[in-house]
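Chemist: with the input below, show me the fold.
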Amino acid sequence: MPLYDFVDTNTGEKFSKLISISGREDYLKENPHIQQIHLSAPGLVSNSGSLKNDNGWKENLSRIAEAHPNSALAEKQGGRNSTKVKVDELAKKHGYGKSGSYNMPI
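Modeler: From the prediction side, this is the model:
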């Protein structure tokens, strides 16, 4: 529901009210001494307080993380399990780079 700003023309008091679009129209008709003012664009208020990621977006992130297992996204998405971490440590110990190529000591 949008959050609207109003002013009481009798008292000069400014206030905000959370009402539906049709409710705003009814409220202004019932209270002729109230006028809508625009301090900012009407804001939308949701119950969650944050953006929701749908399953399609999560699936895309998982595919990207899977394609780039050494990335920060893979770590954030849980793409690296304990086995993968141990394999990476062992590869590093024996001179293998992230790309899987062997770095021969000179």
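Chemist: what sits opposite Asp5 in the beta ladder?
Modeler: Residues in a beta bridge with Asp5, per DSSP bridges, are Ser16, Ile37.
Chemist: ok, it - contacts?
Modeler: Going by Cβ atoms under 8 Å, 6 or more residues apart in numbering, Asp5 touches Lys14, Phe15, Ser16, Gln36, Ile37, His38, Leu39, Ser40. All C-beta atoms are positioned from the backbone trio N, CA, C, and that covers glycine.
Chemist: so which of these comes closest to Trp57?
Modeler: Nearest to Trp57, judged by Cβ to Cβ, of the contacts of Asp5 is Ser40 at 28.6 Å.
Chemist: dihedrals phi and psi, Lys58?
Modeler: phi -60, psi -40 (degrees, to the nearest 10).
Chemist: pLDDT score for it?
Modeler: pLDDT, the model's per-residue confidence, is 80 for Lys58.
Chemist: from Leu90, how far out is it?
Modeler: Separation of Lys58 from Leu90 (Cβ to Cβ, to the nearest Å) stands at 31 Å.
Chemist: Glu30 too?
Modeler: As judged by Cβ to Cβ, Glu30 and Leu90 stand 74 Å apart.
Chemist: swap in Leu73?
Modeler: Counting by Cβ to Cβ, the gap from Leu73 to Leu90 is 23 Å.
Chemist: any chance of TSV for the contacts of Asp5, columns distance to Ser62, neighbour count and pLDDT?
Modeler: Converted to TSV, the contacts of Asp5 look like this (distance: Cβ to Cβ, whole Å; neighbours: other Cβ atoms under 10 Å; pLDDT from 0 to 100):
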residue	distance to Ser62	neighbour count	pLDDT
Lys14	48	11	92
Phe15	46	11	91
Ser16	40	13	89
Gln36	45	13	92
Ile37	46	12	90
His38	43	8	84
Leu39	42	10	77
Ser40	37	8	67
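Chemist: sounds good, over and out.
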